[in-house]
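Undergrad: okay, structure incoming, though there's no sequence with it:
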C-alpha cells in the first residue's frame, strides 16, 4: 500500500515542480514551462522511490510518447546509446 506524503515531502515536491521542466530549460532553452514531479527510480525496480528523489518534467516530457513514461525502458536505453550517453 502506498503511504501518504508528509508535509515536508509535499512542500519539497511543490518546490521541485515550481522550477519548471528541466528538459525544456536545459535542452531546449524554454524557461518556466509548467512541470509535474517525476520520481526517479534508480535501482528501485518498479516501486516508487523517495519523494525527495524527484525531477520536474512538463507533461510532454513526462507522459507523452516522447516522455519518460511514454516510451519503454529499452527504447530510452537504445536512444541514449546512439547519443553517446553510455
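TA: Nice, thanks for sending it over. Quick caveat, the model's predicted, so the values are computed rather than measured.
Undergrad: going forward, measure contacts and count neighbours with C-alpha atoms only.
TA: OK.
Undergrad: who are the packing partners of the longest helix along the chain?
TA: For the chain, the helix with the greatest residue count under DSSP state H is helix 7-18. Secondary-structure packing of helix 7-18 (3 or more CA pairs under 8 Å, 6 or more residues apart in numbering; DSSP states H and E): strand 36-39, strand 54-57.
Undergrad: and the residue nearest the centre of this structure?
TA: residue 38 (3.3 Å; CA atoms, centre = their mean).
Undergrad: wait, isn't it in contact with residue 55?
TA: Yes - between residue 38 and residue 55 there is a contact at 5.4 Å, judged by CA atoms under 8 Å.
Undergrad: point out the most buried one among the helices and strands packed on helix 7-18.
TA: Mean neighbour count, computed with mean count of other CA atoms under 10 Å, is highest for strand 54-57 among these, reaching a mean of 22.
Undergrad: ok, it: who's next to it in the sheet?
TA: If you go by DSSP bridges, strand 54-57 pairs up with strand 36-39 (antiparallel).
Undergrad: now the chain, which segments are flagged as low pLDDT?
TA: For the chain, the stretches with pLDDT under 70 are 1-2, 42-48, 71-86.
Undergrad: which one, of the helices and strands packed on helix 7-18, ends up nearest to residue 9?
TA: Of all the helices and strands packed on helix 7-18, strand 54-57 sits nearest to residue 9, with 10.5 Å by CA to CA.
Undergrad: surely residue 41 touches residue 49?
TA: Yes - under the criterion of CA under 8 Å, residue 41 makes contact with residue 49 at 5.6 Å.
Undergrad: show me what contacts residue 11?
TA: By CA atoms under 8 Å, 6 or more residues apart in numbering, residue 11 lies in contact with nothing.
Undergrad: how about residue 9?
TA: For residue 9, the contact set (CA under 8 Å, 6+ apart) comprises 51, 52.
Undergrad: now do residue 37
TA: Counting by CA under 8 Å, 6+ apart, residue 37 has contacts 13, 16, 17, 54, 55, 56, 57.
Undergrad: same thing but at 10 Å, please
TA: Listed by CA atoms under 10 Å, 6 or more residues apart in numbering, the contact set of residue 37 reads 13-18, 20-21, 51, 53-59, 62.
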